[in-house]
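Chemist: here is the input, now give the coordinates:
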Amino acid sequence: MDFSHYTDDPVQLAIDLVNTREVVAGTDRLTDLDGLGTFLAGIDPELWHPDWQLTEQDLAEVRSVRERLREVFGTESDAVAAEVLNGLLAEARATPKVSVHGDRPHLHFEPEDASPAAWLASVAAMGLSVVVCDHGSERLGVCDAHQCADVYVDTSRNRSRRYCSDTCATRENVAAYRKRHRQSGG
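Modeler: Got it, this is the predicted structure:
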């Protein structure tokens, strides 16, 4: 069975949405409707509804979805991840349906009349649900770097990923090296 439709783009969408709020830096790219519009514009227009007329309520709901998705990345408990994801899917009225656009039939879960928040919740939650079911919630993580709290999916063979990017890993390794060097009197 190939569920790649719900393990690549939707998982990246979940990561991108959660990372619009940089916890450590205290910055947020979803503070206004322009920020939400910019975020949505970065999504493949074949996947979403570019004709949405965004409202302040949409912004508040998307920000709420973002925080609930962050909970999923922040836990290694399959039960907690399942509870949050099931809640998001239920509230978004996510219902599987076979879609025949594109190369071959595949599943969609978002309602036809979905708001931006419901659309994001159903697509992102379904993608993360596949990851949790196939690989466990321990594959979802929050960067260990001191100056970062971005989220990621660990795709390493030995489940050893600790950082969201090579940049954070390098920064932390250099800092650790310098600290050891200073402590050794070098």
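Chemist: from now on I want contacts and neighbour counts done on CA atoms only, so please keep to that.
Modeler: Noted.
Chemist: so residue 171, which state does it fall into?
Modeler: At residue 171 the chain is in helix, as set by DSSP: H, G, I helix; E, B strand; the rest coil.
Chemist: so for residue 85, what's the nearest residue that isn't a sequence neighbour?
Modeler: Residue nearest to residue 85 in three dimensions, not counting chain neighbours: residue 125, with 5.5 Å by C-alpha to C-alpha, 6 or more residues apart in numbering.
Chemist: give me the helices and strands touching the helix or strand containing that neighbour, please.
Modeler: Element membership for residue 125 (DSSP states H and E) is helix 116-135. Applying 3 or more C-alpha pairs under 8 Å, 6 or more residues apart in numbering; DSSP states H and E, one finds that helix 116-135 makes contact with helix 9-18, helix 56-73, helix 78-91.
Chemist: packing partners for the longest one?
Modeler: Here helix 56-73 touches helix 9-18, helix 33-41, helix 78-91, helix 116-135, strand 140-142, strand 151-153, going by 3+ C-alpha pairs under 8 Å, 6+ apart.
Chemist: just the CA atoms of the longest one, as PDB, please.
Modeler: Which is helix 116-135. Provided in PDB are the C-alpha atoms of helix 116-135 (Å, rounded to 0.1, in the frame of the first residue of the first chain):
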ATOM      1  CA  PRO A 116      -8.500  27.300   6.100                       C
ATOM      2  CA  ALA A 117      -8.100  25.900   9.700                       C
ATOM      3  CA  ALA A 118     -10.200  22.800   9.000                       C
ATOM      4  CA  TRP A 119      -8.300  22.200   5.800                       C
ATOM      5  CA  LEU A 120      -4.900  22.500   7.400                       C
ATOM      6  CA  ALA A 121      -6.000  20.500  10.400                       C
ATOM      7  CA  SER A 122      -7.300  17.600   8.300                       C
ATOM      8  CA  VAL A 123      -4.400  17.500   5.900                       C
ATOM      9  CA  ALA A 124      -1.700  17.900   8.500                       C
ATOM     10  CA  ALA A 125      -3.300  15.700  11.100                       C
ATOM     11  CA  MET A 126      -3.800  12.900   8.600                       C
ATOM     12  CA  GLY A 127      -0.200  13.100   7.500                       C
ATOM     13  CA  LEU A 128       1.100  13.000  11.000                       C
ATOM     14  CA  SER A 129      -1.400  10.200  11.800                       C
ATOM     15  CA  VAL A 130       0.200   8.000   9.100                       C
ATOM     16  CA  VAL A 131       3.700   8.700  10.600                       C
ATOM     17  CA  VAL A 132       2.500   7.900  14.200                       C
ATOM     18  CA  CYS A 133       0.700   4.700  13.000                       C
ATOM     19  CA  ASP A 134       3.600   3.500  10.800                       C
ATOM     20  CA  HIS A 135       6.600   4.600  12.800                       C
END
